[in-house]
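>>> model this:
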Amino acid sequence: MVRHLVAILLCALPLAAQEPLRLSLEEAQEIALANNLGLRSTQLGVRIQEQSVAVENARFGRSLDLSLSRESNRSPSFSSLEKVATLSSTVLSTGLGLSQQLKTGGRLGLQFSNQRNSSNAAFNLIDPIYSSGLNLSFTQPLLQGRGRISRIGVDFARVGVEQSQVQNEGRARQLRAEVGQAYWNLLFARENLRVKEQFREGARRVLETVRVRAAMGVDSKSSILQAEVEVARREEEVVAAEGTVAQTEDALCSLLNLGQRPAGLEPTAAPELAPFTGNLDQGMALALARDPEYRQLQLELKNLELQLALARDQVRPAVNLNAAAGLKGLGGSYGDDLEVLRDLDARSWQGSLSLQVPLGQSPADQQLGQRRLEKERRTLDLANQRQLLEQQVRQRFRQLGIDRRRAEVAQLAEGLAGQNVAEEEERLKLGLSTARLVLDAQDDLAQARASRLRAAVDYNQSLIEWQRLTGE
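Alright, predicted model coming up:
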């Protein structure tokens, strides 16, 4: 539903460019998520890493090899047996092979080859001669590179996908929090401007009352001067508040990345105290499960464990088992050649075992020690991040309670200050008070109202920060 509203708002911008754009907090966050270029980049990063997994898996696919060659030679004859002055020969070769990289680390191959040899030498009883071969080969590492380690590239790529997903989720969560903070800053700036304008009008009313009383001879001209000074001071406060509204609008517009700048942004939310039902223990558990920085450290540790496993494998001796078996065919025609091949009379096999052991310290040994130290350091970083995260959650939970109590007390103080202003204004009309006392009472009410707004906004911003930390 919110996404549909966002689309309508964006489409309406060119038609209502001269009107302020009214936005709820949810709509502002959705617009920012839809328009943020950095978020789009991290989303593409996820797709790129997913392609890396496909690339690593493709290493275990089958491959088909096809070859075709022709070789022709002419040379003077040096043998009387050849009975020709110029010896000429032609070799036509074809080959077809199928190979498979195995997940055990080995490789299996099947190769068929055929040759046609022809020559004008007199001693060749059969010309042309066809020969064929069908060979099956198998290679398997028994120590280094055996088993799961052969698929470690896929594991690295999958960790990369998780890291890019966490980065994308973290960027989206951070963007939501930044928009929320900017939204409430703008709301406070607009509400504060409204308060300043109200009290400017209050100062003007006091000035008119003082002028009437001075004309009646009840008040002195110094009272008029005091009231005029106060009007000028409050006018200055209004101008400053208007500048703050413009600055906070710029900050929010920058995060929304709107194609066309509206005449203004107007938050529709009210500076009220939203209910908070969070639990400290549950918040800590959620933060540890969802915090992007903590999850990134966990994935970095997982990546280091894979590197450590690879380093352990590299220090093992290289022991390889090689096996091959083949059939051969020969004949004066292609059919005769294949018939001999099918008879299985001409066959061969081969088996071998190779061993390679490094003597003394090798680079692999040093790298293994390095990976162990890196894992130990990353484990300490993870524990440190856990402590920092728990501290942040605990402080934010405490701050939420403080901000809520501040807002409740400030609301009570605002009510009392409002009663005081009403009484002083009434006393001024009756000649029982002075302009200075009324203006001071109005200043107290302005301060109380600003404090109440600030406390309410601080509470809502703390709530946004709690949501950023816990992912609720």
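
>>> okay, now the domains of this protein?
Using automatic domain parsing, the domain ranges for the chain come out as 2-9+23-54+154-303+373-470, 64-101+106-144+322-356.

>>> Pick the most buried one from these.
Per residue and on average, the most neighbours among those fall to domain 2-9+23-54+154-303+373-470, with a mean of 17 (mean count of other CB atoms under 10 Å). In this view, the C-beta of every residue, glycine as well, is placed from N, C-alpha and C.

>>> and that domain, average pLDDT?
Domain 2-9+23-54+154-303+373-470 shows a mean pLDDT of 86.

>>> Tell me which helix or strand comes right after the helix or strand hosting Ser222.
Using DSSP states H and E, the secondary-structure element containing Ser222 is helix 221-256. From helix 221-256 onward toward the C-terminus, using DSSP H and E, the following helix or strand is strand 265-267.

>>> in the stretch 1-150 of the chain, which spans are helices?
Listed from the start of the chain, the stretch 1-150 of the chain has helices (DSSP state H, counting those that start in this stretch) covering 2-12, 25-35, 37-58.

>>> Also the stretch 351-472 of the chain?
When secondary structure is read from DSSP H, counting those that start in this stretch, the stretch 351-472 of the chain shows helices at 363-429, 435-470.

>>> Show me how far the first one is from its chain's centre.
Distance, stretch centre to chain centre, for helix 363-429: 24 Å (CA atoms, centre = their mean, to the nearest Å).

>>> How much space separates Gln165 from Leu299?
Applying CB to CB, to the nearest Å, one obtains 10 Å for the distance of Gln165 from Leu299.

>>> next one: Gly264
Using CB to CB, one obtains 43 Å as the distance from Gly264 to Leu299.

>>> Ok, Ser254 next?
With the distance defined as CB to CB, Ser254 ends up 31 Å from Leu299.

>>> Name the nearest residue to Ser348, sequence neighbours excluded.
Counting by CB to CB, 6 or more residues apart in numbering, the nearest residue to Ser348 once its immediate chain neighbours are dropped is Gly326, at 5.0 Å.

>>> The one you found contacts Leu344, correct?
No. Using CB atoms under 8 Å as the test, Gly326 is too far from Leu344 to be in contact (11.0 Å).

>>> Can you verify my assumption that Ala325 contacts Asn135?
Yes. Between Ala325 and Asn135 there is a contact under CB under 8 Å: 7.3 Å.

>>> I'd like to know which of the domains of the chain lies nearest to Gln367.
Relative to Gln367, the nearest member of these by CB to CB is domain 2-9+23-54+154-303+373-470, separated by 10.2 Å.

>>> re the thing from before, did I read that right, the residue nearest to Ser348 in a strand?
Yes. The assignment for Gly326 is a strand, going by DSSP: H, G, I helix; E, B strand; the rest coil.

>>> Contact partners for it?
When contacts are counted by CB atoms under 8 Å, 6 or more residues apart in numbering, Gly326 touches 133-136, 347-349.

>>> List the beta-bridge partners for it.
When bridges are assigned using DSSP bridges, the partners listed for Gly326 are Asn135, Ser348.

>>> next one: the one 5 residues further on
In this entry, Gly331 is beta-bridged to Tyr130, by DSSP bridges.

>>> okay but Arg173 is in contact with Pro292, surely?
Yes. The criterion here is CB under 8 Å, and Arg173 meets it with Pro292 at 6.9 Å.

>>> Relative to Leu430, how far out is Leu439?
Relative to Leu430, Leu439 is positioned 17 Å away (CB to CB).

>>> likewise Lys103?
In this structure, Lys103 lies at 96 Å from Leu430, with CB to CB as the measure.

>>> And for Leu341?
Distance check for Leu341 against Leu430: by CB to CB, it reads 125 Å.

>>> Leu37 too?
Leu37 sits 64 Å away from Leu430, taking CB to CB as the criterion.

>>> residue contacts, the residue nearest to Asn57 when sequence neighbours are not counted?
For Asn57, ignoring the flanking residues on the chain, the nearest one in space by CB to CB, 6+ apart is Val154 at 6.0 Å. Under the criterion of CB under 8 Å, 6+ apart, the neighbours of Val154 are 53, 56-57.

>>> outside of stretch 101-113, which residues touch it?
So stretch 101-113 is contacted by 59-61, 93-100, 132-141, 145-147, 149-151 (CB under 8 Å, 6+ apart).

>>> Distance from that stretch to the middle of the chain?
Centroid separation for stretch 101-113 versus its chain: 39 Å, with CA atoms, centre = their mean.

>>> Let me see the contact set for Gly418.
For Gly418, the residues meeting the contact criterion (CB under 8 Å, 6+ apart) are 445, 448.

>>> how near is it to Ala448?
In this structure, Gly418 lies at 8 Å from Ala448, with CB to CB as the measure.

>>> Dump the helices of the stretch 1-150 of the chain into TSV; add distance to Gln247 as well.
Putting the helices of the stretch 1-150 of the chain into TSV (distance: least, CB to CB, whole Å) gives the following:
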stretch	distance to Gln247
helix 2-12	23
helix 25-35	17
helix 37-58	22
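
>>> contacting residues around Leu330?
129-132, 336-337, 340, 346.

>>> ok, 7 Å please
With contacts defined as CB atoms under 7 Å, 6 or more residues apart in numbering, the neighbours of Leu330 are 131, 337, 340.

>>> same thing with Glu272?
Contacts of Glu272 by CB under 7 Å, 6+ apart are Ala456.

>>> No further queries at this time; thank you.
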